[in-house]
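Enquirer: Structural data only, the sequence is not supplied:
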Ligand SMILES: Nc1ncnc2c1ncn2[C@@H]1O[C@H](COP(=O)(O)OP(=O)(O)OP(=O)(O)O)[C@@H](O)[C@H]1O
């Protein structure tokens with residue numbers, strides 16, 4: 001007769017039980033959240049809302065734009081992290097892989113709007129900015145603009161060996177101002193930069209914050225109709241930020257549109273009238289800065305504390321509240337393609 005050991009269920013330790021309970025609670029919360037969101041927006045994922053371009057007010061249109069980078073992979077089986085490790089790649093041949101940086105983005109930006117763009121590292125924000133400038137073409141879809149956007153980025157070209165004053169002159173000429181227009185703008189640029197004491201020094205002696213201030217002052221001196229700012233504001237001190245906000249308000253008041261990419265939610269909330277959250281190349285939210293930033297803060301806080309499921313709940317909950325749009329151009333309302341030489 002065999003003597004088998006009687007089955008005794010193993011009891012979970014208190015901490016294991018706590019973890020299981022938390023997971024269950026999150027799953028229930030997740031399910032309830034989906035149901036609630038579904039009740040509120042039953043067709044959110046299926047039926048895009050048709051949004052018609054208003055030719056009188058439009059500044060930029062992103063129409064179902066996607067961007068895929070084709071990258072050489074040293075192993076042929078690239079798994080180097082970021083987007084690639086999340087499975088959004090496709091090995092296309094010996095040593096080549098595709099990185100889907102942006103997928104089917106659609107939105108319309110009208111005059112007077114200041115649009116914040118947020119998202120975790122590698123989510124596609126800078127790629128979106130490149131498409132908006134028109135210097136990079138989307139792999140599918142299209143980006144349209146009513147005027148040439150001016151890009152102000154941390155890498156905007158300043159020459160390190162020459163003085164701040166010379167950089168102002170060169171920068172203005174490079175942006176297409178005449179020598180007379182440059183001379184007329186000079187005092188305004190100095191004032192916006194707040195760097196009058198340092199203008200005779202070579203740029204290599206400037207701190208990164210001082211360089212950013214100079215870039216900002218030069219780039220906004222042309223009164224751009226559409227201004228794109230990529231992280232450039234983060235380095236400034238409180239006084240410069242106040243001046244920056246004033247200048248951005250002026251640009252907006254002059255019927256322009258501003259895009260601001262930043263990891264600083266304080267700056268985004270302070271300066272933007274609308275926020276677009278891009279995650280893993282997809283638009284997750286587009287709307288009220290306060291609400292979108294709250295969701296984003298909750299998401300990133302869960303992620304950085306390793307609460308993957310809770311982060312997923314916030315992600316799904318936010319995504320279900322997005323009304324995806326389909327752009328509709330009535331006859332004559334289609335602006336020129338961004339980057340086209342036919343726009344000013
Ligand atoms: N030139 C490129 N070639 C190949 N892949 C690229 C290139 N530029 C960006 N990517 C990839 O595209 C994805 C989006 O990158 P992007 O720089 O747009 O993100 P981001 O949101 O601006 O990131 P961060 O906040 O870190 O600056 C990433 O997976 C990135 O690795």
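Expert: Noted; the coordinates are in hand. Quick caveat: nothing in here was measured; it's all calculated off a predicted structure.

Enquirer: going forward, measure contacts and count neighbours with C-alpha atoms only.
Expert: Will do.

Enquirer: State the distance from the residue lying closest to residue 131 once chain neighbours are set aside to residue 98.
Expert: The shortest distance from residue 131 to any non-neighbouring residue, by Cα to Cα, 6 or more residues apart in numbering, is to residue 137 (5.9 Å). For residue 137, the distance to residue 98 (Cα to Cα, to the nearest Å) stands at 16 Å.

Enquirer: Checking my notes, the residue nearest to residue 131 in a helix, right?
Expert: No. Counting by DSSP: H, G, I helix; E, B strand; the rest coil, residue 137 is not found in a helix; it is coil.

Enquirer: So what's the predicted local confidence for it?
Expert: Residue 137 carries a pLDDT value of 94.

Enquirer: number of nearby residues for it?
Expert: The number of residues packed near residue 137 is 19, by other Cα atoms under 10 Å.

Enquirer: Please report phi then psi for residue 119.
Expert: Main-chain torsions, residue 119, degrees, to the nearest 10: phi 160, psi 160.

Enquirer: wait, it sits on residue 281?
Expert: No. Using Cα atoms under 8 Å, residue 119 is not in contact with residue 281; the gap is 9.2 Å.

Enquirer: more neighbours, those two?
Expert: A count of neighbours by other Cα under 10 Å puts residue 281 above the other of residue 119 and residue 281, at 26 against 22.

Enquirer: Counting neighbours, which bits of stretch 301-314 end up buried?
Expert: 302, 310-314 (16 or more other Cα atoms under 10 Å).

Enquirer: Closest to residue 114 out of those?
Expert: Residue 114 lies nearest to residue 314 out of the buried residues of stretch 301-314, by Cα to Cα, at 25.1 Å.

Enquirer: that older thread, could you dump the buried residues of stretch 301-314 into a markdown table and include pLDDT, secondary structure and distance to residue 166?
Expert: Listed next are these as a markdown table, based on pLDDT from 0 to 100; DSSP: H, G, I helix; E, B strand; the rest coil; distance: Cα to Cα, whole Å:
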| residue | pLDDT | secondary structure | distance to residue 166 |
| --- | --- | --- | --- |
| 302 | 95 | helix | 48 |
| 310 | 92 | helix | 52 |
| 311 | 94 | helix | 49 |
| 312 | 91 | helix | 51 |
| 313 | 92 | helix | 53 |
| 314 | 94 | helix | 49 |
